[in-house]
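Q: The sequence isn't on hand, but the structure is:
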């Protein structure tokens, strides 16, 4: 190996040879004197290209290593470890190159995708896999849609409450696209992913295709409930594929829309109280307050329809799931992998779910209570609140319960109902039902819906998500050459942070300086002609 100075007339030179089979070198010749100018020697940093730096950093961005150093950290590493100053733009391109070298190129990932999906199906029998393509040049196929649901998720969903949270998020890789997710909430109030889809964009066709594949594992039913934001394509897809299922809007997105349209933050609290109310009487109390404050906002909520956002008017069973925050949490867990090539993204999902199923299976099998830990905690809290209630027996399993504020409620333990409507809505005995059960010497835990029991929790995670042998995944399946989608990320540095939705308020913990002078805050000052610095 020969190293020479970049200066044309410089005699600096190092000659070394490799020592046997070990990774060490022996210096044979060394001329350590530079005869070139400092300007020539300063040009050494030009050889630190993005691809070279990416090769140095590739081990920090391999699969399973997280997001790796950020561009600013890459600059600091190059300066301190190698004494090579680089620009932020070169550091960003180096990071992109390192990710590509660590997780594979985007183009190669699409070529190996069919073989990878075939191995996923072989290692996880019963999985639902669908790949939609379009015709490409020279007889090749171009990627369009992908749907994947692991067998363990398919087998575990029957032990969930029939509420599915739907959401979509943008991918940040070279060929962009959207990741669609369908998930439920298990008996311990944890995320239970059901199916994933990768499409070019969120529109009526892509959502309808996703729901058509999702229907193969979750059939249409009057008991099924979907929760999502008010995306028109999601509404359209559900109406086409799931005509019997119910659909309700996410409370958080509804509050953001109200904040954007009516500019009154105090309305959000009242909307939340009205939406979460169990009884129609309580809903009317809070909704009348909204009418007094802003009639236009009340008319807007009426046009949406109470059945779509108010729990007291909803005809199905949505339990405690009032928002799509569960899907947002799933998207946040996948934020690192959303810039990976498509095979790396799916493998990241598979690895994450494999860990979730393993740890939760252990927790369920070692849980000594008949109920999941979080539901058992709710029952304990309800019992503590109900110890001072006055209980009178009516007939059979019916009781009259007077709470600590003097309100009367009628409980029917046989039908599992209470006049407060919390018992039948949540599937968990409310404070009134808990008091009646204890007074009548009934088993309180036996009144809880079966989806909250440890046995169902254990059955939900009984399946395993098995790994894929990389040696069996070839670059191309015989007879099929899969090309990337026609969509491609625009040139330049892509946006990493999520764009806030309408009405969303970011809580950064940092005081934001006003972008107007103090005089502009008054109504008598012309903001358009203001010359004051900000």
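A: Thanks, I have the structure now. Quantities reported herein were computed from a predicted structural model and do not represent experimental measurements.

Q: Could you use CA atoms for every contact and neighbour count after this?
A: Noted.

Q: Residue 280 touches residue 312, doesn't it?
A: Yes - counting by Cα atoms under 8 Å, residue 280 touches residue 312, with 5.4 Å between them.

Q: Which one's more surrounded, these two?
A: residue 312 (22 against 15; other Cα atoms under 10 Å).

Q: so who does the more buried one touch?
A: 275-280, 283 (Cα atoms under 8 Å, 6 or more residues apart in numbering).

Q: Rebuild those as JSON lines, extending it with secondary structure and distance to residue 414.
A: What follows is those, written out as JSON lines (DSSP: H, G, I helix; E, B strand; the rest coil; distance: Cα to Cα, whole Å):
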{"residue": "275", "secondary structure": "helix", "distance to residue 414": "28"}
{"residue": "276", "secondary structure": "helix", "distance to residue 414": "26"}
{"residue": "277", "secondary structure": "coil", "distance to residue 414": "24"}
{"residue": "278", "secondary structure": "coil", "distance to residue 414": "20"}
{"residue": "279", "secondary structure": "coil", "distance to residue 414": "21"}
{"residue": "280", "secondary structure": "helix", "distance to residue 414": "23"}
{"residue": "283", "secondary structure": "helix", "distance to residue 414": "27"}
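
Q: Only the buried subset of those residues, as a ChimeraX command please.
A: Buried members of these, defined by 16 or more other Cα atoms under 10 Å, are picked up in ChimeraX with:
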select :275,276,277,278,279,283
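
Q: Of the contacts of residue 312, which is the nearest to residue 154?
A: Within these, the smallest distance to residue 154 is 30.4 Å, found for residue 276 (Cα to Cα).

Q: Verify the contact between the closest one and residue 313 for me.
A: No - with contact defined as Cα under 8 Å, residue 276 does not reach residue 313; the gap is 10.4 Å.

Q: any idea which element residue 193 lies in?
A: strand 191-199 (DSSP states H and E).

Q: Which residues does that strand contact?
A: 144-150, 153-154, 157, 177-186, 206, 210, 214, 326, 330.

Q: Which ones among those map onto strands?
A: 144-149, 178-185 (DSSP state E).

Q: Could you check the pLDDT of the nearest residue to residue 341 once chain neighbours are set aside?
A: Leaving out its chain neighbours, the residue that sits closest to residue 341 by Cα to Cα, 6 or more residues apart in numbering is residue 106, at 4.8 Å. On the pLDDT scale, residue 106 is placed at 82.

Q: Sheet-wise, list the partners of the strand holding residue 193 with their directions.
A: strand 141-149 (antiparallel), strand 178-185 (antiparallel) (DSSP bridges).

Q: who touches the closest residue to residue 202 other than its chain neighbours in this structure?
A: Spatial nearest neighbour of residue 202, excluding adjacent residues (Cα to Cα, 6+ apart): residue 178 at 6.8 Å. Residue 178 makes contact with 168-171, 198-202, according to Cα under 8 Å, 6+ apart.

Q: Turn those residues into CSV, including neighbour count.
A: CSV is the format used below for these (neighbours: other Cα atoms under 10 Å):
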residue, neighbour count
168, 24
169, 21
170, 20
171, 25
198, 26
199, 26
200, 21
201, 21
202, 20
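
Q: and of those residues, the nearest to residue 31?
A: residue 171 (52.0 Å).
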